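Visitor: please find the sequence and the predicted model below.
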Amino acid sequence: MAAISLLAFASMTASLFIADTIQGEATAINLSGALRMRSYQISNNLVYDAPDDQHWKNTHKLLIEFNNQLNRDELLNVIPRNEHSSIYLAYNKIKSQWVNKIEPLFDIYLNEINTEQQPNLTISKDAVTNIRNQYGLVVVEFVDNIDYLVTLLEEDAETKIQKLRNYQYISLGLTIFLVIIALIIVYKRVHIPMKELLTGAERVSNRDFSYVTTYTGHDELGQLGYAYNSMAKDLSEIYDELEDRVNQKTIDLERGNRSMELLYKTVKRLNEAISPHHTFPFILKDIEKLIGTGKGAICLSDKSQEEGAVLSSTFADNEINEVICEKNECNKCLTEERSYFIERENINEVNKEIVTIQIRHHNKNYGLLIIEPENNLSIQNWQKKLLESIADHIGIAINLSHKMAESRRLSLMEERGAIARELHDSLAQSLTFMKIQVSRLNALLKNSSIETEAEDIIGELKIGLNSAYRELRELLTTFRLKIDGDDFKSALEKTIAEFNDRGSILITCVNNVIYFDLTPNEEIHILQLIREALSNIVQHSKASNAVITLQSDELGRICISIIDNGQGIKEKEATQHHYGLAIMNERAQTLKGQLNISNNLNGGTSVELIFTPSNKESPETAYTQINE
């Protein structure tokens, strides 16, 4: 716009300047033409041979007019001041001819005419002819010079008009060029930026902040484009941040829903199951599915917190020892803080961070919940807190299970104590009275002459009574047997110590079962079966030592073997003591196990019991056994 305005100003200035220089050219041309006409008029007045006064007065008037026109300002203003100009030279030549040649011819006559006394002019014919001839010689050239001046003036006017025309053409061309440039600039700097800004505004209205305008100059639209890009970038970041927040909130809600679902399923399984141990595989699978962790295991420990046993695991059998546990490290894991991270090298020699969370209730530890992170990632804080909550629920369920077992055990003990008191008050006293009567009868028979067959019968009766009395005492001891707390191992150790004190037989125990999860009935039946076997060893085996071995296999079955180095079982003794063996068989059947009693090849007796604890069976089977 500045260029167009400047061009218009220059064009108008040039036009005004040229118009100003042209001004007076037409007047000058007219005056020059009038000079030519005056020259011819003067010639016409000289035609007459004897002109009168009126002619000379007209001639004088024509000469004055010619002189005035030759020196008029309108003509002089057109004549350039440049001495080398052709117009200047042509004008000076005309003026010189007029002043030096033509005007002097008429001066003598004109002077007389100008006098106040106007005498009669008597000019001879020869004089007139002389003037006419001299003027005729000069006027032709003089008129040609005037024509030349007129021509120069016309050419000068046309030249200036042509310059004005050229200026106008150039101005028009430059104006068109500048208009085109202006349109291009408007297109590039106004239309395109506005179009990009409108496109960006439309994209922003559709929540698309990726569009960026390419025009970011220093002008207004460039600054607006820069501001739009900054705004779009800020909006994109804010929108992305909001989307991230929404996505994070969605993830948190989904995570919360999964956590609530996991806790609900865990609590429901633990409450509905007969034993918490039945739920462990399902809980581990729920943890792996709902919170996105890897494989897991549940390891429960004994009362001493020195050893633990993996009761349920989603690891492969070869991974339990290679990935989770190492030998002699149970005490380290079981006595650590609530959440303990350990690193293990798996079979692919890649370090894994395993998290172990204590299963406890009221500061009493029951074992560990062991979880492997997914894809070698770290356990997140929310996952750890959720796993701690699950471990707490498992601890609560185990504690309730122990309390229920203890309650059933106490009820069973009270019932067996009542039976023991009844046996002691009735059957024991009757057997004692029969023993006394047999002793009296034996004393009487020694003083009489009754045959010896009666003595044999009395001897056998005495042996039978002694055996029945011994079995009654054993039964009373068994009925009065108590298992303190929930530790089966301590009760077994006390039983072995009791039989070691009874005689000279050394009884040892090899216990390879780390964790016992037995019902009260199972504990009582096993202890009674072991006591019956140890009682037979003490009474009849004549052994020097006996070994009790407890171990479990991969199917969860428990195998209890009692082996001595005595004389073995003879047929006669087996017949005499068939009640004890029958009771042992009944107890094995109650446990749904298998009892094998045999003589060893190297001497001695072997008693072996194999059974599956009810907690290792299906929930329906365990439920049936508990009801029985």
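Guide: Looks like it arrived, so ask away. In this text the structure is predicted, and so the values were computed from the model without any measurement.
Visitor: name the spans of the stretch 251-400 of the chain whose pLDDT lies under the cut-off.
Guide: 302-307, 317-353, 376 (pLDDT under 70).
Visitor: could you rerun that using 50?
Guide: 327-328, 346-349 (pLDDT under 50).
Visitor: for it, which segments count as strands?
Guide: For the stretch 251-400 of the chain, applying DSSP state E, counting those that start in this stretch gives strands covering 296-301, 308-313, 339-345, 351-361, 364-371.
Visitor: any idea which of these gets closest to Ile170?
Guide: Of all the strands of the stretch 251-400 of the chain, strand 351-361 sits nearest to Ile170, with 86.4 Å by C-beta to C-beta. (Glycine included, C-beta is placed from N, CA and C.)
Visitor: care to break this structure down by domain?
Guide: In the assignment given by automatic domain parsing, the structural domains of the chain cover 2-169, 271-393, 481-628.
Visitor: measure the second one end to end?
Guide: By that I understand domain 271-393. The first residue of domain 271-393 is 10 Å away from its last residue (C-alpha to C-alpha, to the nearest Å).
Visitor: mind listing the helices for the stretch 201-350 of the chain?
Guide: With DSSP state H, counting those that start in this stretch applied, the stretch 201-350 of the chain shows helices at 220-272, 280-290, 317-319, 330-334, listed in chain order.
Visitor: where does this structure have low pLDDT?
Guide: 50, 113-121, 327-328, 346-349, 485-486, 577, 619-628.
Visitor: now the residue nearest the centre of it: how far from Gln162?
Guide: Centroid-nearest residue in the chain: Asp244, 7.1 Å away (criterion: C-alpha atoms, centre = their mean). Here Asp244 is placed at a distance of 77 Å from Gln162 (C-beta to C-beta, to the nearest Å).
Visitor: what does Leu31 give?
Guide: In this structure, Leu31 lies at 23 Å from Gln162, with C-beta to C-beta as the measure.
Visitor: can you pull the contacts of Ser606?
Guide: Shown in contact with Ser606 (C-beta atoms under 8 Å, 6 or more residues apart in numbering): Ser561, Ile562, Ile563, Asn596, Ile597, Ser598, Asn599, Asn600.
Visitor: if we go to 7 Å?
Guide: Ser561, Ile563, Ser598, Asn600 (C-beta atoms under 7 Å, 6 or more residues apart in numbering).
Visitor: select only the buried ones of the residues you listed in PyMOL?
Guide: Buried subset of the contacts of Ser606, written as a PyMOL selection, criterion 16 or more other C-beta atoms under 10 Å:
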select buried, resi 561+563
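Visitor: ok, longest helix in the protein?
Guide: When secondary structure is assigned using DSSP state H, the longest helix within the chain turns out to be helix 125-186.
Visitor: what packs against that helix?
Guide: The criterion is 3 or more C-beta pairs under 7 Å, 6 or more residues apart in numbering; DSSP states H and E, and the helices and strands that helix 125-186 contacts are helix 2-22, helix 25-45, helix 86-97, helix 103-114.
Visitor: who wins for proximity to Ile180 among those?
Guide: When the helices and strands packed on helix 125-186 are compared by C-beta to C-beta, helix 2-22 sits nearest Ile180, at 11.2 Å.
Visitor: tell me the bridge partners for Ile548.
Guide: On DSSP bridges, the residues paired with Ile548 through beta bridges are Cys509, Ile562.
Visitor: you'd agree it is up against Ile562?
Guide: Yes. In this structure, Ile548 is within contact of Ile562 by C-beta atoms under 7 Å, at 5.3 Å.
Visitor: and Ala90, how many neighbours?
Guide: When neighbours are counted by other C-beta atoms under 10 Å, Ala90 registers 21.
Visitor: just to revisit the earlier point, now the domains of the chain in TSV, with distance to Leu198?
Guide: Conversion of the domains of the chain to TSV gives the following (distance: least, C-beta to C-beta, whole Å):
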stretch	distance to Leu198
domain 2-169	28
domain 271-393	47
domain 481-628	71
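Visitor: helix, strand or coil for Gly568?
Guide: Here Gly568 is recorded as coil under DSSP: H, G, I helix; E, B strand; the rest coil.
Visitor: burial of it, as a residue count?
Guide: Close neighbours of Gly568, defined as other C-beta under 10 Å, add up to 18.
Visitor: mind listing what it touches?
Guide: Taking C-beta under 7 Å, 6+ apart as the criterion, Gly568 is in contact with Asn599, Gly603, Gly604, Thr605.
Visitor: tally of neighbours for Asn71?
Guide: The tally of other residues near Asn71 (other C-beta under 10 Å) stands at 11.
Visitor: with Ala201 instead?
Guide: Here the count is done by other C-beta under 10 Å, and Ala201 has 13 residues near it.
Visitor: that one and Asp219, how far apart?
Guide: Counting by C-beta to C-beta, the gap from Ala201 to Asp219 is 19 Å.
Visitor: confirm that His84 sits in a helix.
Guide: No. Using three-state DSSP, the secondary structure at His84 is coil, not a helix.
Visitor: give me the phi and psi for it.
Guide: Dihedral angles of His84 (phi, psi; degrees, to the nearest 10) stand at phi -90, psi 0.
Visitor: can you give me the neighbour number for it?
Guide: 7.
Visitor: same deal with Lys95?
Guide: Neighbours of Lys95 under the rule other C-beta under 10 Å: 15.
Visitor: let me see the contact set for the closest residue to it other than its chain neighbours.
Guide: The spatial neighbour of Lys95 that comes closest, neighbours along the chain excluded (C-beta to C-beta, 6 or more residues apart in numbering), is Leu70 at 6.2 Å. Residues counted as contacts of Leu70 (C-beta under 7 Å, 6+ apart) are Leu35, Lys95, Trp98.
Visitor: residue contacts, the first one?
Guide: By C-beta under 7 Å, 6+ apart, Leu35 lies in contact with Phe66, Gln69, Leu70, Ile146.
Visitor: which one of these has the most neighbours?
Guide: The residue in the contacts of Leu35 with the most neighbours, by other C-beta under 10 Å, is Ile146 (26 neighbours).
Visitor: would JSON lines of the contacts of Ser606 with distance to Pro520 be doable?
Guide: Formatted as JSON lines, the entries for those read as follows, by distance: C-beta to C-beta, whole Å:
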{"residue": "Ser561", "distance to Pro520": "23"}
{"residue": "Ile563", "distance to Pro520": "28"}
{"residue": "Ser598", "distance to Pro520": "30"}
{"residue": "Asn600", "distance to Pro520": "33"}
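Visitor: which of the contacts of Ser606 lies closest to Leu591?
Guide: Distance to Leu591 across the contacts of Ser606 (C-beta to C-beta) is lowest for Ser561, with 15.0 Å.
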